[in-house]
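J.: sharing a model prediction with you, sequence too.
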Amino acid sequence: MSILVINPGSTSTKVALYKGDETLAAEELQHSREEMVGFKRVADQFDYRMRLVAEFLAKTGVDVKHIRAVVARGGLLRPLEGGVYEVSDEMVADLQSARYGEHACNLGGILALPLARHWKVPAYVVDPVVTDEMMDKARLTGLPGLTRRSIFHALNQRGVARIASERLGVEYVRSNFIVCHMGGGVSIGAHRQGRVVDVINALDGEGPFTPERTGSLPLVPILDMVHSGERDYAELRRTILSGGGLVAHLGTNDPRLVLARMDHGDEHAGLVFRAMAYGIARHIVSMAPALTDADGGLNLAAVVLTGGLSRSAALVEEITRQITFLGPVEVVPGEVEMAALAQGAHRALNGEETVLSYDAE
């Protein structure tokens, strides 16, 4: 019996079949900008993406009678506790209408439900990006009416925290971790006994600068830029989300090219690289108060570094040097989203984790 995993992204569709922890078949299908430009809305891609899933299944030769469940990446929904959710008509309606935001990940539940119903098996999503378990004191800002949001790489963060737990011989739900996902955006979560009680949000302009994002900026100078006309709203928003960081300073989002420039004596490239590593380290450390006990002690099992940037030994070394006083540092390179989805479905099917229901608001 196998589990079908579907993970739609902006430029790819990842599909896999799992049996327990074993990957039976997997494929990552890339989508060019030309292919995507014809779709006005994400939901319009349904037939196109479903055809890709069907072609994958045909190539594997799997007997669909042996598929035990369909599990997909969770999309932009209302804020939710983390966990395994059964895909419902209410969830799909919110995803199709993009009620809480438009993103390719919305296609996960939209694709999973009709397949599961056709095969008479359950459909799940696991730890969607809107997982929200933040403490109230972590939400409050200095401006009434403006609160911090919990949007982060929840699926991968929880997946790698569980891997680190196994390495260290501890239980994830009884231990504390700081998990830093480093990619085009950087999200950092304070995991306290299985709950992510504070988050540095990778989409709202928080945290360190990254290969593509500006991270936190001084607010008053930004207001002055807009007021003077030096920057308009649309341009500034694009820069914050996709044109800042390494791209703005060095014209590339590839740390390998930055390291090559450093090797050739580019002092400015070296400064920018060290500043990015310092910013990531500084924001990792900022999560420590979320995990202190009543006596002020920090009981931290490990800091976990993950995401595409964690493949850079130079960056990991530079960050690790500045945060080792917190505790052990574990590195889980890349991402484990597909395996984390399959494991979530496996826990649900075996009764190891309660399946949650989604109710539209």
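T.: Perfect, I can see it now.
J.: do I have it right that residue 60 meets residue 24?
T.: Yes. Using CB atoms under 8 Å, residue 60 is in contact with residue 24, at 7.3 Å. Every residue, glycine included, has its C-beta placed from N, CA and C.
J.: shared neighbours, these two?
T.: Listed as contacting both residue 60 and residue 24 by CB atoms under 8 Å, 6 or more residues apart in numbering are residue 17.
J.: those two: which is more packed in?
T.: Using other CB atoms under 10 Å, the more surrounded residue of residue 60 and residue 24 is residue 60, with 17 against 14.
J.: with adjacent residues omitted, what lies nearest to the spatially most central residue of the chain?
T.: In the chain, the centroid-proximal residue (CA atoms, centre = their mean) is residue 153; its distance is 1.9 Å. Of all residues not flanking residue 153 in the chain, residue 181 sits nearest, at 4.0 Å (CB to CB, 6 or more residues apart in numbering).
J.: is it fair to say that neighbour lies in a helix?
T.: No. Judged by DSSP: H, G, I helix; E, B strand; the rest coil, residue 181 forms no part of a helix; its state is strand.
J.: report pLDDT for it.
T.: With respect to pLDDT, residue 181 has a value of 96.
J.: and residue 356, by the same measure?
T.: 97.
J.: what of the one 5 residues further on?
T.: At residue 361 the predicted local confidence, pLDDT, stands at 73.
J.: which residues touch it?
T.: residue 78.
J.: repeat that for 10 Å
T.: By CB atoms under 10 Å, 6 or more residues apart in numbering, the contact set of residue 361 is 77, 78, 79, 90, 94, 99, 100.
J.: which of these sit farthest apart?
T.: Greatest spacing in those, by CB to CB: 79 and 90 (15.3 Å).
J.: the strands in the protein, which residues?
T.: Along the chain, the stretches classed as strands by DSSP state E are 2-8, 12-19, 22-30, 67-73, 84-86, 123-126, 176-182, 186-192, 195-200, 302-307, 329-333.
J.: strands paired with the first one, and their directions?
T.: Partners of strand 2-8 in the sheet, by DSSP bridges, are strand 12-19 (antiparallel), strand 67-73 (parallel).
J.: what's the helix or strand bottoming out on mean pLDDT in the chain in contact with?
T.: Of all helical and strand segments in the chain, the minimum by mean pLDDT, DSSP states H and E falls on helix 33-36, at a mean of 77. Identification of contacts with helix 33-36 by CB under 10 Å, 6+ apart yields 10, 11, 42, 45, 48, 104.
J.: and these, which are buried?
T.: 42, 45, 104 (16 or more other CB atoms under 10 Å).
J.: same list (those) but as CSV, adding pLDDT and distance to residue 229.
T.: CSV is the format used below for the buried ones among the contacts of helix 33-36 (pLDDT from 0 to 100; distance: CB to CB, whole Å):
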residue, pLDDT, distance to residue 229
42, 91, 34
45, 94, 38
104, 90, 34
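J.: nearest to residue 328, of the residues you listed?
T.: residue 104 (35.3 Å).
J.: what sits against the closest one?
T.: Contacts of residue 104 (CB under 10 Å, 6+ apart): 7-13, 31, 36, 42, 45, 49, 73, 75.
J.: residue 173 now?
T.: Here residue 173 is in contact with 162, 165, 191, 193, 194, 195 (criterion: CB under 10 Å, 6+ apart).
J.: still on that earlier bit, narrow the contacts of helix 33-36 to those in helices?
T.: Using DSSP state H, the subset of the contacts of helix 33-36 located in helices is residue 48.
J.: separation between the nearest residue to residue 17 once chain neighbours are set aside and residue 343?
T.: Spatial nearest neighbour of residue 17, chain neighbours left out: residue 24 (4.2 Å); criterion: CB to CB, 6+ apart. Taking CB to CB, to the nearest Å as the measure, residue 24 falls 15 Å from residue 343.
J.: hang on, the earlier thing: give me the beta-bridge partners of the residue nearest to residue 153?
T.: With DSSP bridges as the rule, residue 181 is bridged to residue 187, residue 306.
J.: so, low pLDDT: which residues of the protein?
T.: Counting by pLDDT under 70, the chain shows no low-confidence range.
J.: try 80
T.: By pLDDT under 80, the low-scoring segments of the chain are 10, 32-35, 37, 202, 360-361.
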